[in-house]
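> I'll drop the sequence and a predicted model, then ask my questions.
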Amino acid sequence: DAGVIQSPRHEVTEMGQEVTLRCKPISGHNSLFWYRQTMMRGLELLIYFNNNVPIDDSGMPEDRFSAKMPNASFSTLKIQPSEPRDSAVYFCASAGGDSSYEQYFGPGTRLTVT
Amino acid sequence: DAKTTQPTSMDCAEGRAANLPCNHSTISGNEYVYWYRQIHSQGPQYIIHGLKNNETNEMASLIITEDRKSSTLILPHATLRDTAVYYCIVRVPSRSQGNLIFGKGTKLSVKP
């Protein structure tokens, strides 16, 4: 099992540019999560999908952030336009079965916005 | 959701057991205790979870007190690779609520 796959692993972009982060969950898992981690705020949930449907997006900071899950094997998190305060490590996680709390995390994407 | 309290940091000698405590005195009857860890520059990793009975898997053991107000994660033979931040999380398993709330955790340093 390859685990959760995220790309790119590192992204450096200039303020105002569009950024797209990608995630491939573990095959068979029906829940997918996007988290953001910074030194100041720690690890926080941005959005959660179950069976490709967004269930809770209350953690999405503002309209500049959007997430999609067009099928069970792929999800994107888009930031447009990006700002320096968006610099963080973004993690994708997936889970299967009855409990959404046994989550398996990807390696993360380190985003730097200059 | 029940709030958890963990020590900020702990040290452990390599090869010895690491015992990481967690207080969750306001836990309700249907809330489970979950443990995750995050090794530097990696994503969090699920370790183990339990409701009221002690649990053991290939990574660790989880001891939950009879009143369920506290628990201890035990790494029986700590190695340098176990150096990480360990998070204790209390939640009700639910398909409609997926968010894990990570606190500050305990930074475990395993020393040679």
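Right, received. Where do you want to start?

> Up against chain B, what does chain A have?
Contact residues (CB under 8 Å from any CB of the partner chain) of chain A with chain B: A:4, A:31, A:33, A:42-43, A:45, A:48, A:50, A:55-56, A:59, A:91, A:93, A:95, A:98-108. Quick note: C-beta positions are derived from backbone N, CA and C, even for glycine.

> center of chain B - which residue?
Central residue of chain B (CA atoms, centre = their mean): B:W35, 3.4 Å from the mean position.

> Helices of chain B, residue ranges please.
Ranges of helices in chain B, per DSSP state H: none exist.

> from it, which residue is nearest to chain A?
Distances from chain B to chain A, computed as CB to the nearest CB, single out B:G43 as the nearest residue at 3.1 Å.

> what's around that residue, how many residues?
For B:G43, the tally of surrounding residues (other CB atoms under 10 Å in any protein chain shown) stands at 23.

> List only buried entries from the residues of chain A next to chain B.
Judged by neighbour count, with 16 or more other CB atoms under 10 Å in any protein chain shown as the criterion, the buried members of the residues of chain A next to chain B are A:4, A:31, A:33, A:42-43, A:45, A:48, A:50, A:55-56, A:59, A:91, A:93, A:95, A:99-108.

> which ones are touching the nearest residue to the residue of chain B closest to chain A once chain neighbours are set aside?
Once flanking residues are discounted, B:G43 sits nearest to A:F105: 3.1 Å by CB to CB, 6 or more residues apart in numbering or on different chains. Contacts here follow CB atoms under 8 Å, 6 or more residues apart in numbering or on different chains; on that basis A:F105 touches A:V4, A:Y35, A:F91, A:C92, A:A93, B:G43, B:P44, B:Q45.

> Looking at those, spot the one nearest A:E18.
Nearest to A:E18, judged by CB to CB, of these is A:C92 at 18.5 Å.

> quick one: contacts for that closest one?
Under the criterion of CB under 8 Å, 6+ apart, the contact partners of A:C92 comprise A:4, A:6, A:21, A:23, A:25, A:32-35, A:75, A:77, A:105-106.

> Next: B:S70.
Listed by CB under 8 Å, 6+ apart, the contact set of B:S70 reads B:P21, B:C22, B:N23, B:H24, B:S25, B:I64.

> ok, now with 10 Å
Contact partners of B:S70, counting by CB atoms under 10 Å, 6 or more residues apart in numbering or on different chains, are B:T4, B:T5, B:P21, B:C22, B:N23, B:H24, B:S25, B:I27, B:V33, B:I63, B:I64, B:C88.

> Cross the residues of chain A next to chain B against strands and list the overlap.
Cross-referencing the residues of chain A next to chain B against strands under DSSP state E gives A:31, A:33, A:42-43, A:45, A:48, A:50, A:55-56, A:91, A:93, A:95, A:104-105.

> Using a markdown table, please lay out those residues together with pLDDT.
Putting these into a markdown table (pLDDT from 0 to 100) gives the following:
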| residue | pLDDT |
| --- | --- |
| A:S31 | 91 |
| A:F33 | 94 |
| A:G42 | 89 |
| A:L43 | 91 |
| A:L45 | 91 |
| A:Y48 | 91 |
| A:N50 | 90 |
| A:I55 | 87 |
| A:D56 | 86 |
| A:F91 | 97 |
| A:A93 | 94 |
| A:A95 | 90 |
| A:Y104 | 93 |
| A:F105 | 95 |
